[in-house]
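J.: coords below, sequence missing:
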């Protein structure tokens, strides 16, 4: 039966494996920075009130962790240190588990969010009508369920530069589901790549450990050689 290490040897030696591992971690670091940017932008987005702050904050935290651990993986490959590979594998394993929990939470969140959106819309209608006005212009809609349901302005269905006859609930739900689906696809893709990088990192750590132990064994045999003792 072919082991994982033997399979990797067919693709290339340790050097190729090390370069591939560094490349994967470099891509992951870029993806982590993208998560940080997306999380920051989402917190400042006018739709943040409807989507909640949990997803943007999770994106910020996970992005920062991904960048940090990816850098540890890159340094491990550069240094060729079994100890750094061990730390990297442990940190990445924890990160993968945390990401899976977050992704499952997003996946299992209820699809029916109309009642929550209704509460948020009513709150904005009373306290922050300017935000509703911007949302209506952006989504080309008027009011919540219909143009006569908490619309800003009240005549936005007929007002010049508005003229939107549909309510905003459907566009809001479509946008929320789009962002949710995008987060799930991106998250599971990243986790899959991290699992591959984790397996490669573990294999590299094992190889460098064996090399280090081999050097120690050879050194011991040389020092204990009867021929050397005889020539001393």
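T.: Sure thing, it's come through. Worth saying up front: this structure is predicted, and the values here are computed from it rather than measured.
J.: So what would you say the end-to-end distance of stretch 157-169 is?
T.: Terminal residues of stretch 157-169 lie 15 Å apart, using Cα to Cα, to the nearest Å.
J.: what comes up buried for it?
T.: Within stretch 157-169, the residues that count as buried by 16 or more other Cβ atoms under 10 Å are 157, 162, 164, 166, 167, 168, 169. Yep, even glycine has a C-beta here, placed from its N, CA and C like the rest.
J.: from the middle of its chain, how far away would it be?
T.: Distance of stretch 157-169 from the chain centroid (Cα atoms, centre = their mean, to the nearest Å) equals 37 Å.
J.: same check, this time on stretch 126-146
T.: A distance of 31 Å separates the centroid of the chain from that of stretch 126-146, by Cα atoms, centre = their mean.
J.: Return the distance of the biggest helix by length in the chain from the chain's centre.
T.: Ranked by residue count under DSSP state H, the longest helix found in the chain is helix 169-223. The chain centroid and the centroid of helix 169-223 are separated by 12 Å under Cα atoms, centre = their mean.
J.: If you average pLDDT per helix and strand, which one of this structure comes out bottom?
T.: helix 226-231 (a mean of 40; mean pLDDT, DSSP states H and E).
J.: excluding its backbone neighbours, what's nearest the residue nearest in space to the middle of the chain?
T.: For the chain, the residue sitting closest to the mean C-alpha position, by Cα atoms, centre = their mean, is residue 187 at 5.1 Å. With Cβ to Cβ, 6 or more residues apart in numbering as the criterion, residue 187 has its nearest non-adjacent residue at 4.5 Å, and that residue is residue 103.
J.: quick one: that neighbour from residue 20, how far?
T.: Applying Cβ to Cβ, to the nearest Å, one obtains 25 Å for the distance of residue 103 from residue 20.
J.: where are the low-confidence patches of the chain?
T.: Applying pLDDT under 70 to the chain picks out residues 1-14, 46-48, 51-53, 109-112, 160-162, 211-232.
J.: 80 instead, please
T.: Across the chain, residues meeting the criterion (pLDDT under 80) sit at 1-17, 41-56, 58, 80-82, 85, 105-115, 157-163, 179-180, 182-183, 201-232.
J.: the helices in it, which residues?
T.: Ranges of helices within the chain are 4-11, 14-43, 48-51, 54-79, 82-108, 114-127, 129-139, 169-223, 226-231, based on DSSP H.
J.: what's the angle between the second one and helix 169-223?
T.: Just to be clear, that refers to helix 14-43. With axes from the mean of the first three to the mean of the last three Cα atoms, to 10 degrees applied, the angle from helix 14-43 to helix 169-223 works out at 150 degrees.
J.: list the buried ones in helix 14-43?
T.: By neighbour count on 16+ other Cβ under 10 Å, the buried set for helix 14-43 is 14, 17-18, 20-22, 24-25, 28-29, 31-32, 34-36, 38-39, 42.
J.: One more: the fifth one?
T.: Going by neighbour count (16+ other Cβ under 10 Å), the buried part of helix 82-108 is 82, 84-85, 88-89, 91-92, 95-96, 99, 102-103, 106.
J.: could you dump the residues you listed to a markdown table with distance to residue 153?
T.: Putting these into a markdown table (distance: Cβ to Cβ, whole Å) gives the following:
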| residue | distance to residue 153 |
| --- | --- |
| 82 | 67 |
| 84 | 61 |
| 85 | 62 |
| 88 | 57 |
| 89 | 58 |
| 91 | 53 |
| 92 | 53 |
| 95 | 48 |
| 96 | 49 |
| 99 | 44 |
| 102 | 40 |
| 103 | 41 |
| 106 | 35 |
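J.: quick one: which of those residues is nearest to residue 207?
T.: Of all these, residue 82 has the smallest distance to residue 207: 8.6 Å, by Cβ to Cβ.
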